[in-house]
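Novice: fold the stuff below for me.
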Amino acid sequence: MGKIRVAIIGVGNCASALIQGVEYYKNTKDTDFVPGVMHVNLGGYHIRDTEFVAAFDIDKNKVGKDLSEAIFTHPNNTTKFSNVPHMKVKVERGMTHDGLGKYLSQIIQKAPGSTSDVVGILKEAKTDVVINFLPVGSEEATKWYVEQVLEAGCAFINCIPVFIASEKYWQRRFERKNLPIIGDDIKSQVGATILHRTLTNLYLDRGMPVDRTYQLNTGGNTDFLNMMERERLHSKKISKTNAVTSQIKARGLDIDADNVHVGPSDFVPWQKDNKLCFLRIESRHFGDVPTYIDCRLSVEDSPNSAGVVIDAIRCCKLALDNGLSGALRAPSSYFMKTPPRQHTDTDAKRLTEAFIKKYGKKQEKPRKRKKGKTQSKRR
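Specialist: Predicted structure coming up:
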């Protein structure tokens, strides 16, 4: 079915893990098990069919470099698990707007010169899908890039907590352009949010209320450094909180806002791309006897979401192949923390599998041989 031509906005740890992963699994058989992806071959597209054709950043140490080199350039600090050959893709100078926060600006410098012609580059590269990996809080920068993506005629995957796919205004904009979008705010394979949602649903399934809960996270990557600037956290806290409380409200129950705290806690430099989650749920047994659970999760943050992005890319391409437009509700509900419509993770996976089955490449059934006749050998 050909390649999926992908452009990346923000060449940070997430971009590094994604690009490494495509290289790492390029020779995997369709029948093999790969941690973190739904299918090696999803709807007719193998992992290796993802081809990176353009990239944008503002860091002077990354702009101008080949993408294969830029993904391993400081301050990127995720685990290197695959060598990436020269890609012949130059990192272009992107738009800054609010993409560079107070603390992040202390460790990187903006590349000199003006913003590249994003629309022209995307068109020339014949880009299918654009992925947004900008820092948390990049509200204006994200909206600026979305306008470029719409003009260039590309599908869009919004991996950060700026509300695009979940907003009616942007949904209609993509519908009018006959382009699909998946968003907002990528879930990890097994991360803090998915663990919190799963434990919440376990309690509710067993008839136990969630009286109070918190989720505190620490890490040492630039995302956590950026989130030290608390005013950039507004949409992130909304996204992570709603991902959990939506599961409670779906049961016709409620929880007071003062009894829920979900969000980053602090930046710990030596943790690098490792993320620690500290999670607590307080509840009651029969007879209102109190019970609680404390949980600690340790994950490498960026690889934890890279496989999910690989699946989102391929679902976006299936949508393009089938002329679908606007927010892709089923894939968004499974891949994202703040989709247009929340579902339980079990239902979200079922809906996404149905989407893949419906819009994936249909395999031709082998023709039955007629009795009494033989086929001539091909020369």
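Novice: any idea which helix or strand comes after the helix or strand encompassing Ile310?
Specialist: Per DSSP states H and E: Ile310 is located in helix 303-321. Using DSSP H and E, the next helix or strand after helix 303-321 towards the C-terminus is strand 326-327.
Novice: for His234, give its distance to Lys60.
Specialist: Going from His234 to Lys60 by C-beta to C-beta, to the nearest Å gives 29 Å. Backbone N, C-alpha and C define where each C-beta goes, glycine included.
Novice: make that Leu318, sorry
Specialist: For Leu318 relative to Lys60 (C-beta to C-beta), the value is 38 Å.
Novice: now swap in Ala17 and tell me
Specialist: Relative to Lys60, Ala17 is positioned 23 Å away (C-beta to C-beta).
Novice: looking at those two, which is more packed in?
Specialist: A direct count of neighbours by other C-beta atoms under 10 Å for Ala17 and Lys60 places Ala17 higher, at 27 against 14.
Novice: contacting residues around the helix or strand where that one lies?
Specialist: Assigned by DSSP H and E, Ala17 falls within helix 13-24. The contact list for helix 13-24 (C-beta atoms under 8 Å, 6 or more residues apart in numbering) reads 8, 36, 47-48, 50, 52, 55, 67-68, 71-72, 76-85, 87, 131, 133, 159, 186, 221-223, 273, 301-303, 305-307, 309-310.
Novice: Phe224 touches Pro264, doesn't it?
Specialist: Yes: judged on C-beta atoms under 8 Å, Phe224 makes contact with Pro264 at a distance of 6.2 Å.
Novice: overlap of the contact sets of those two?
Specialist: Counting by C-beta under 8 Å, 6+ apart, the residues touching both Phe224 and Pro264 are 217-218.
Novice: which residues of the chain fall in strands?
Specialist: 4-9, 41-42, 45-46, 50-57, 91-93, 129-132, 155-158, 180-182, 212-219, 260-267, 274-284, 290-300, 326-327 (DSSP state E).
Novice: for stretch 286-303, buried residues please.
Specialist: Residues of stretch 286-303 classed as buried by neighbour count (16 or more other C-beta atoms under 10 Å): 297, 299-303.
Novice: farthest pair within these?
Specialist: Taking C-beta to C-beta as the measure, the buried residues of stretch 286-303 span a maximum distance of 15.4 Å, between Leu297 and Ser302.
Novice: buried residues of stretch 335-352, list them for me.
Specialist: 335-340, 342-344, 348, 351-352.
Novice: residues making contact with it?
Specialist: With C-beta under 8 Å, 6+ apart as the criterion, stretch 335-352 contacts 38, 158, 161, 163, 165-166, 171, 182-187, 193-194, 197-198, 201, 238-240, 242-243, 246-247, 250, 308-309, 311-312, 315, 327, 329-334.
Novice: buried only: go through the contacts of helix 13-24 for me.
Specialist: 8, 36, 47, 50, 52, 55, 67-68, 71-72, 76-78, 84, 87, 131, 133, 159, 186, 221-223, 273, 301-303, 305-307, 309-310.
Novice: pLDDT value on the nearest residue to Thr28 once chain neighbours are set aside, please?
Specialist: In this structure, Thr28 finds its nearest non-sequential neighbour in Val40, 5.3 Å apart by C-beta to C-beta, 6 or more residues apart in numbering. Note on Val40: pLDDT of 97.
Novice: what of Ser376?
Specialist: 36.
Novice: Ser265 too?
Specialist: 76.
Novice: same thing with Lys26?
Specialist: 97.
Novice: so what's the closest residue in space to Gly220 that isn't next to it in sequence up against?
Specialist: Of all residues not flanking Gly220 in the chain, Gln271 sits nearest, at 3.5 Å (C-beta to C-beta, 6+ apart). Contact partners of Gln271, counting by C-beta under 8 Å, 6+ apart, are 218-220.
Novice: any regions of the stretch 1-150 of the chain where pLDDT drops low?
Specialist: The model of the stretch 1-150 of the chain has pLDDT under 70 over residues 1.
Novice: helices of that one, start to end?
Specialist: 13-24, 67-70, 118-124, 139-152 (DSSP state H, counting those that start in this stretch).
Novice: any residues touching the third one, and which ones?
Specialist: Contact with helix 118-124 is made by 7, 54, 56, 92, 94-95, 130, 145, 148-149, 151-154, as judged by C-beta under 8 Å, 6+ apart.
Novice: now with 7 Å, please.
Specialist: Residues outside helix 118-124 that contact it (C-beta atoms under 7 Å, 6 or more residues apart in numbering): 7, 54, 56, 92, 130, 148, 151-152, 154.
Novice: do the same with the last one
Specialist: Residues external to helix 139-152 that are found in contact with it (C-beta under 7 Å, 6+ apart): 9, 95-99, 118-119, 122-123, 127, 130, 132, 134, 156, 160, 162, 164, 170, 173, 177, 179.
Novice: drop anything exposed from those.
Specialist: 9, 95-99, 118-119, 122, 127, 130, 132, 134, 156, 160, 162, 164, 170, 173, 177, 179.
Novice: turn the contacts of helix 118-124 into a markdown table, columns for distance to Ile293.
Specialist: What follows is the contacts of helix 118-124, written out as a markdown table (distance: C-beta to C-beta, whole Å):
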| residue | distance to Ile293 |
| --- | --- |
| Ala7 | 42 |
| Ala54 | 45 |
| Phe56 | 43 |
| Glu92 | 47 |
| Val130 | 40 |
| Gln148 | 45 |
| Glu151 | 49 |
| Ala152 | 47 |
| Cys154 | 43 |
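Novice: farthest pair in those residues?
Specialist: Glu92 and Glu151 (16.1 Å).
Novice: any idea how far the residue nearest to His74 when sequence neighbours are not counted is from Cys14?
Specialist: If the residues on either side of it in the chain are set aside, His74 comes closest to Asn61, at 6.7 Å by C-beta to C-beta, 6+ apart. Going from Asn61 to Cys14 by C-beta to C-beta gives 17 Å.
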